[in-house]
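Student: Build the 3D model from these lines:
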Amino acid sequence: MASLERAGIRSELVAVPPGESSKSLEQAARLYEECGQCGLDREGLIVAVGGGVCGDVAGFVAATYMRGVSWVQVPTTLLAQIDASVGGKVAVDHPRGKNLIGAIHQPSLVWCDIEALRTLSDRDLRAAMAEALKTGLITNAHYYRWVRRHAEGILGRDRHVLARVVAGACRVKAGIVASDEKEELVGGRGPLVGPGSTLGTRMVLNLGHTLGNNLEAVAGYGVMRHGEAVSVGLVAAGRVALQKGLWSKGWQRELESGLAGLHLPTRIPGLSLDELLVAMRVDKKAYGGRVRWILPVKPGVVAVRDDVTPREVSRVLVEMGASEK
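Tutor: Next comes the predicted model:
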């Protein structure tokens, strides 16, 4: 606010309570009222300074207030810097699912400052690395292996290492979004998506999220960090891919050891199998009644599949700790 003032730009501060519970229609309604009281019009700008929750709800308000006003992302967590702030997806949660009500509204600018990460908790730093590994798995094997090799520097908060983590992830995600901003559908049993792919590629960013987002919902928003849930989701996607003959045991061991090396969870914390299956069926990634899975083939290449049966999913989830009671 001080720097905006020095530039001759009037600003007003509106605080959003921390936590996933702020991603709600109720919170959005409060922010609409604040925008009106501040006199925000179509020439104004919303600046979201905070983590992924702040960016999602502020972006949702920007997308819908007066049918859309400009906005800027200033992400202050590693997870937001490498994933949530890039791509223009904005949303609030609903009891039926995470990010169920939303839009695509691109920010005018994304400003990532590594210095903002100095006060980030160790748990939040670790959780972000699941998204970093996911980013490499989908289209960039070099980045995937680089993240695994530099786990110590990442957890030790080496500024130069963190800068490369953020820049690498943003480069990959921005390229994917530029080729498929609206997440166009691709065939349910293919194609393979890897470096240079141009059709329907945005969907591959959901690797690990088919289970991950629904773990968050079933556990109760805020119990698991998003990155922690994605970590478990990556393990599940790998095990489903193993059943389909797409992915090798060696790649799966490497994935699980890499996540464990970053102190990330790899098992389901005793949640109900039935609740998880129901949540996945109504997830926004389901099309025509089928759950669409993104499955790894090898680092840097994934496949889009909608032929994963409930029986196959159940077998994997029970192996990973889901409760059949």
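Student: Could you verify my assumption that residue 291 touches residue 308?
Tutor: Yes - contact status for residue 291 versus residue 308: in contact at 6.8 Å, counting by Cβ atoms under 8 Å. The C-beta positions use only the backbone N, C-alpha and C, and glycine is treated the same way.
Student: which residues does residue 248 contact?
Tutor: Counting by Cβ atoms under 8 Å, 6 or more residues apart in numbering, residue 248 makes contact with 242, 298.
Student: any idea how far it lies from residue 34?
Tutor: Distance of residue 248 to residue 34, computed by Cβ to Cβ, to the nearest Å: 52 Å.
Student: now swap in residue 233 and tell me
Tutor: Taking Cβ to Cβ as the criterion, residue 233 is separated from residue 34 by 35 Å.
Student: Neighbour count: those two, which is higher?
Tutor: For residue 233 and residue 34, the more surrounded residue by other Cβ atoms under 10 Å is residue 233, and the numbers stand at 25 against 16.
Student: what residues are up against the more buried one?
Tutor: Contacts here follow Cβ under 8 Å, 6+ apart; on that basis residue 233 touches 208-213, 215.
Student: Name the nearest residue to it, sequence neighbours excluded.
Tutor: With sequence-adjacent residues excluded and distances taken as Cβ to Cβ, 6 or more residues apart in numbering, residue 233 is closest to residue 212, at 3.1 Å.
Student: ditto for residue 258
Tutor: Closest residue in space to residue 258, ignoring its immediate chain neighbours: residue 148 at 4.7 Å, by Cβ to Cβ, 6+ apart.
Student: cool, and residue 166?
Tutor: Counting by Cβ to Cβ, 6+ apart, the residue nearest residue 166 is residue 81, at 4.9 Å.
Student: again, but for residue 92
Tutor: Counting by Cβ to Cβ, 6+ apart, the residue nearest residue 92 is residue 23, at 4.7 Å.
Student: per-residue pLDDT, that neighbour?
Tutor: Reported pLDDT at residue 23 in the predicted model: 94.
Student: OK, contacts around it?
Tutor: Residue 23 makes contact with 53, 56-57, 91-93, 99, 221, according to Cβ under 8 Å, 6+ apart.
Student: Okay, now the sheet partners of the strand ranked longest in the chain, with direction.
Tutor: Among the segments of the chain that qualify as a strand by DSSP state E, the longest is strand 97-104. According to DSSP bridges, strand 97-104 forms sheet pairs with strand 89-94 (antiparallel).
Student: measure residue 92 to residue 54 for me?
Tutor: Noted for residue 92: a distance of 12 Å to residue 54, by Cβ to Cβ.
Student: With just CA atoms, put stretch 14-21 into CSV.
Tutor: These are the backbone C-alpha positions of stretch 14-21, laid out as CSV (Å, rounded to 0.1, in the frame of the first residue of the first chain):
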residue,chain,number,x,y,z
VAL,A,14,-9.5,-5.6,2.8
ALA,A,15,-8.3,-8.6,4.8
VAL,A,16,-9.4,-12.2,4.1
PRO,A,17,-9.2,-14.6,7.1
PRO,A,18,-6.7,-17.3,6.5
GLY,A,19,-7.8,-20.9,5.7
GLU,A,20,-9.8,-22.8,3.1
SER,A,21,-13.0,-21.7,4.8
